[in-house]
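Chemist: quick one, fold the following:
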Amino acid sequence: MPEHTAHGYRHALTRPGVGSFTSAGALARLPVAMIALAIVLLVSNATGSYAYAGALSASYAVTAAFASIVTSRWADRVGQVTVLRVLATAHAALLIAFTGSIVLDAWRLVQVLLVVAAGASSPAIGSYVRARWSYVADGPDTLRVGFAWESILDELIFTLGPVITTAVAFTVGFPAPLILAAAFIFVGSLWLSGSVRSSPPANRHETERASLWAVARTRGLTALIVAALGLGLLFGALDVATVAFTAERGTGEVAGLVLASFAAASMVGGILYGMRPWPGQLRRHTQVAAIVLAAVSACFWLVNTNAALIVLAMGAGASVAPTLIGIFFLTQRIVEPRNLTE
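Modeler: Prediction:
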């Protein structure tokens with residue numbers, strides 16, 4: 001690794017408070033790579049329906065996405081500490097309650113309501129952590145390296161998460177991964193809330209507060225929102241499709257390996273992208289990475305073996321982290337600091 005690269009990572013990671021909030025954030029984010037797959041595994045095995053399993057997983061993800069806008073706005077307003085503690089407690093409890101509703105074969109309406117409530121209480125840990133990077137960074141280079149580091153951690157999480165989920169599900173029991181995820185997010189969120197040194201100041205006395213719609217209409221943000229939605233659709237579809245594809249071949253335990261391969265390739269892409277400054281504009285980097293990702297992902301329907309699925313997943317994954325880094329960095333550039341977590 002070139003010296004300037006090592007220095008860049010070393011400088012960014014030794015900023016005050018960085019070690020604590022990145023470690024806590026990584027633990028609290030690990031369930032993001034577990035919950036969708038864990039829901040699909042638990043529900044499909046309990047009910048025999050991948051359609052219902054996918055619907056519950058999607059309900060969780062969509063609710064979490066939209067609710068996190070509101071809860072992140074709340075965090076900008078009152079500070080992350082209070083929000084993290086409230087959400088961590090509620091989310092862990094609701095995940096456990098949802099798991100119990102599936103195990104006990106409760107009414108489906110109850111199952112749907114619980115999974116939606118769990119999604120609504122899910123803290124947007126990635127947004128909180130990146131807002132902290134924007135607060136502690138001493139310049140754009142430090143911020144770029146910080147965002148690259150978070151993308152590397154994200155992909156490490158998405159490499160470990162599916163493997164942990166499938167291993168625990170097939171050795172301990174299908175409810176176990178969701179219980180474990182609840183514990184991770186509870187402990188990690190409370191740890192992050194205790195890292196007050198790096199927490200951005202609250203805007204308690206803000207007299208003029210832009211509406212949610214006004215923030216969403218920030219120039220340039222619409223394109224980034226659409227790109228992020230596309231990534232979310234890809235991640236969600238890949239979870240369900242991989243479980244169904246491997247189960248159909250009697251190799252359900254391979255699902256975790258496929259998803260881990262996707263994430264591992266993305267981690268390598270993030271490391272390479274964060275290692276050095278690249279020529280050209282950041283916007284152009286992001287566009288190229290997104291186009292490559294879309295082109296490779298369009299080939300998934302051609303796959304008919306587990307080995308081919310793993311290879312194609314790695315090919316698609318290599319472009320994910322550079323795309324995410326660009327989305328987060330561009331968002332940080334165009335959004336007002338008071339709305340950054342939101």
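Chemist: low-confidence ranges in the chain?
Modeler: Along the chain, the model assigns pLDDT under 70 to residues 1-8, 203-217, 274-278, 337-342.
Chemist: list the contacts of stretch 320-332.
Modeler: 130, 134, 143-144, 147-148, 150-152, 154-155, 220-221, 224, 227-228, 231, 262, 265-267, 269-270, 273-274, 282-283, 285-286, 289-290, 293, 340 (C-beta atoms under 8 Å, 6 or more residues apart in numbering). All C-beta atoms are positioned from the backbone trio N, CA, C, and that covers glycine.
Chemist: tally of neighbours for the closest residue in space to residue 63 that isn't next to it in sequence?
Modeler: Leaving aside its sequence neighbours, residue 63 sits nearest to residue 119 (C-beta to C-beta, 6 or more residues apart in numbering; 3.3 Å). Counted by other C-beta atoms under 10 Å, the residues lying close to residue 119 total 26.
Chemist: which secondary structure element contains residue 119?
Modeler: helix 108-120 (DSSP states H and E).
Chemist: and if you look at residue 252?
Modeler: For residue 252, there is no host helix or strand (DSSP H and E).
Chemist: same check, this time on residue 311
Modeler: Using DSSP H and E, residue 311 falls in helix 306-317.
Chemist: show me what that helix is packed up against.
Modeler: For helix 306-317, the packing partners by 3 or more C-beta pairs under 8 Å, 6 or more residues apart in numbering; DSSP states H and E come out as helix 221-248, helix 254-274, helix 282-297.
Chemist: what angle do whichever helix or strand comes after that helix and helix 221-248 make?
Modeler: Helices and strands here follow DSSP H and E; after helix 306-317, the next one along the chain is helix 320-334. Inter-element angle recorded for helix 320-334 and helix 221-248: 160 degrees (by axes from the mean of the first three to the mean of the last three C-alpha atoms, to 10 degrees).
Chemist: helix 320-334: which residues count as buried?
Modeler: 320-332 (16 or more other C-beta atoms under 10 Å).
Chemist: how far does that helix sit from its chain's centre?
Modeler: Centroid separation between helix 320-334 and its chain, computed with C-alpha atoms, centre = their mean, to the nearest Å, is 14 Å.
Chemist: next, the angle helix 254-274 makes with it.
Modeler: Using the same axes, to 10 degrees: helix 320-334 against helix 254-274 is 50 degrees.
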